[in-house]
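Colleague: Need the 3D shape of this:
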Amino acid sequence: MRDIKRDIEAETPLDAEALRADFPVLGQQVNGKPLVYLDNAASTQKPRVVIDRLKRYYETENANVHRGVHVLSQRATDAFEGARETVRGFINASDSKEIIFVRGATEAINLVAWSFGQKYVNKDDEIVISAMEHHSNIVPWQMLCERTGAHLRVIPMNRDGELDMDVYADMLGSRTRLVAVGHVSNALGTVNPVAEIIDKAHRKNIPVLVDGAQSVPHMPVDVQEMDCDFFAFSGHKMYGPTGIGVLYGRAELLDAMPPYQGGGDMIRSVTFKKTTFNTLPYKFEAGTPHIAGAVGLAAAVEYLTGIGMARIAAHESSLLEYATPRLLELDGLSIYGNAGNKAAVISFLFGDVHPHDIGTILDQAGIAIRTGHHCAQPVMDFYSIPATARASFGLYNTRGDVDRLVEGLNEIKEVFG
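Modeller: Got it, this is the predicted structure:
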């Protein structure tokens, strides 16, 4: 793969302060203080262009797609299929039929677990995941194993939050049917070596699913260069609407897999004796899709493309480099997740203060962070902790936001001694 680190270092820095004006929600005050939003790993805010595109769709294009001959239906269909092509270009899929619109990364993974699993996974087969996965990339595979009698195997990690790649290589065998790993850990920020993971699996003809929910909004992604077989992500984490996401899959794999759901638009013909299914991508898009969501997602993709993903990656990397030592200057603060290759996510504990207390007090200062297990309870169990506080950065965050976070934590220190 190309040297992304070198590419981002060559980019012209973006002006995050100027970009903040594109996001209406960031202009408000919370508890009498200017809002500092540091919960981007959970969900990002929406730029005006996305909000306006949704408004324009509902005001001028709203109709059902694919089946209507009237003007509004044609407009809606053009916008919906245009969105598919926009997403295809964004991740560099080879064909728009490899882009399946779903509700989010969670549904995308469930689709593969159900459909690929029904086709290819049997008793005593194995699915390989990692120790740092989000629940969305654990539970569907557990459910598959319960249905089929297959076994779930877990790649271990070290205390820095890095996968043991030697153990991983030894885990791949004749019964391994799929590897499913997160590109970036939402709880630790680790950027996993997906190119190496995929290469080792492909040498044994094992397909790989990559959960890209935490990578697509923050760095350049090229699914052909990555050579993954499936790639899942959510719109709401990449400045787009909620309730829309994407499953990318290689056409030959998707063609061979049975439909995930039955209903309208995923069929060619229906009789009471037999149904014949539609071609890709429609075979996996039963019923009326989230048309507005897809259109809004395309607007978000265009917005990100206009800024430049490499510039966004460089900006967030600089924030991480600024924030990490500043936070570690605070006596009693510990960071969980110290991988050598890390995204702009900082999970931490602060002395004996419970993460929920940290989050509540920071909220009083207008600072939004996430507290809890981050849908990654096995990660918390690994470190023998119940939860962490998490600050996660986006393209509109600034060093001033980091300074506000540090100020807020200093106030917590004064309160709790």
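
Colleague: Show the contacting residues for the residue lying closest to Gly149 once chain neighbours are set aside.
Modeller: Spatially, and ignoring its direct neighbours in sequence, Gly149 is nearest to Lys123 (3.6 Å; Cβ to Cβ, 6 or more residues apart in numbering). Yep, even glycine has a C-beta here, placed from its N, CA and C like the rest. By Cβ atoms under 8 Å, 6 or more residues apart in numbering, the residues touching Lys123 are Thr148, Gly149, Ala150.

Colleague: Quickly note the distance from Glu162 to Gly408.
Modeller: According to Cβ to Cβ, to the nearest Å, Glu162 and Gly408 sit 30 Å apart.

Colleague: My guess is Thr86 contacts Ala300. True?
Modeller: No - between Thr86 and Ala300 there is no contact, the gap being 9.6 Å when judged by Cβ atoms under 8 Å.

Colleague: With neighbour numbers in mind, choose between those two.
Modeller: Set Thr86 next to Ala300 and count neighbours by other Cβ atoms under 10 Å: Ala300 wins out with 26 against 20.

Colleague: contacting residues around the more buried one?
Modeller: For Ala300, the contacting residues are Lys46, Pro47, Val50, Gly235, Met238, Tyr239, Gly240, Pro241, by Cβ under 8 Å, 6+ apart.

Colleague: Please identify the buried residues of stretch 300-314?
Modeller: Neighbour counts over stretch 300-314 (16 or more other Cβ atoms under 10 Å) mark 300-304, 307-314 as buried.

Colleague: Now do the end-to-end distance for it.
Modeller: 19 Å (Cα to Cα, to the nearest Å).

Colleague: Just give the nearest non-adjacent residue to the one residue sitting closest to the centre of the chain, would you?
Modeller: Taking Cα atoms, centre = their mean, the centroid of the chain lies closest to Ala213, which sits 0.7 Å from it. Leaving aside its sequence neighbours, Ala213 sits nearest to Ala105 (Cβ to Cβ, 6+ apart; 4.1 Å).

Colleague: Who are the packing partners of whatever helix or strand Asp52 lives in?
Modeller: Applying DSSP states H and E as the criterion places Asp52 in helix 48-60. Packing partners of helix 48-60 (3 or more Cβ pairs under 8 Å, 6 or more residues apart in numbering; DSSP states H and E): helix 71-91, helix 291-307.

Colleague: same thing but at 6 Å, please
Modeller: helix 291-307 (3 or more Cβ pairs under 6 Å, 6 or more residues apart in numbering; DSSP states H and E).

Colleague: Domains in the protein, by residue range?
Modeller: Listed by automatic domain parsing, the domain ranges of the chain are 4-48+308-412, 50-306.

Colleague: I'd like the distance from the shortest one to the chain centre, please.
Modeller: Think domain 4-48+308-412. 16 Å (Cα atoms, centre = their mean, to the nearest Å).

Colleague: Quick one: mean pLDDT over it.
Modeller: The pLDDT scores in domain 4-48+308-412 average 95.

Colleague: before we move on, what about stretch 65-76?
Modeller: 93.

Colleague: and what of stretch 95-114?
Modeller: Rounded mean pLDDT across stretch 95-114 is 98.

Colleague: Regarding the residue located most distally from the centre of the chain, what is its secondary structure?
Modeller: For the chain, the largest distance from the centre (Cα atoms, centre = their mean) belongs to Lys273, which lies 40.7 Å off. What DSSP: H, G, I helix; E, B strand; the rest coil gives for Lys273 is coil.

Colleague: the strands in the stretch 101-250 of the chain, which residues?
Modeller: With DSSP state E, counting those that start in this stretch, the ranges of strands along the stretch 101-250 of the chain come out as 126-130, 151-155, 176-182, 208-211, 230-234, 245-249.

Colleague: Thr12 is nearest to which of the ones you listed?
Modeller: strand 230-234 (26.1 Å; Cβ to Cβ).

Colleague: Only alpha carbons, please: show the closest one as PDB.
Modeller: The C-alpha coordinates for strand 230-234 follow below in PDB (Å, rounded to 0.1, in the frame of the first residue of the first chain):
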ATOM      1  CA  PHE A 230     -15.900  -6.700   2.800                       C
ATOM      2  CA  PHE A 231     -15.800  -3.200   4.300                       C
ATOM      3  CA  ALA A 232     -18.500  -1.800   6.600                       C
ATOM      4  CA  PHE A 233     -19.100   1.800   7.700                       C
ATOM      5  CA  SER A 234     -21.700   4.200   9.100                       C
END
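
Colleague: how many degrees apart are that strand and strand 245-249 in direction?
Modeller: Per axes from the mean of the first three to the mean of the last three Cα atoms, to 10 degrees, the angle that strand 230-234 makes with strand 245-249 is 170 degrees.

Colleague: Spit out the contact partners of the residue nearest to the centre of the chain.
Modeller: Neighbour list for Ala213: Ala105, Phe233, Ser234, Lys237 [criterion: Cβ atoms under 6 Å, 6 or more residues apart in numbering].

Colleague: Repeat the analysis, applying 7 Å as the threshold.
Modeller: Ala105, Ala232, Phe233, Ser234, Lys237 (Cβ atoms under 7 Å, 6 or more residues apart in numbering).

Colleague: before we move on, the earlier item: can you redo the strands of the stretch 101-250 of the chain as JSON lines with mean pLDDT and distance to Glu17?
Modeller: Output for the strands of the stretch 101-250 of the chain, formatted as JSON lines (pLDDT from 0 to 100; distance: least, Cβ to Cβ, whole Å):
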{"stretch": "strand 126-130", "mean pLDDT": "98", "distance to Glu17": "37"}
{"stretch": "strand 151-155", "mean pLDDT": "98", "distance to Glu17": "40"}
{"stretch": "strand 176-182", "mean pLDDT": "98", "distance to Glu17": "31"}
{"stretch": "strand 208-211", "mean pLDDT": "98", "distance to Glu17": "32"}
{"stretch": "strand 230-234", "mean pLDDT": "98", "distance to Glu17": "27"}
{"stretch": "strand 245-249", "mean pLDDT": "98", "distance to Glu17": "30"}
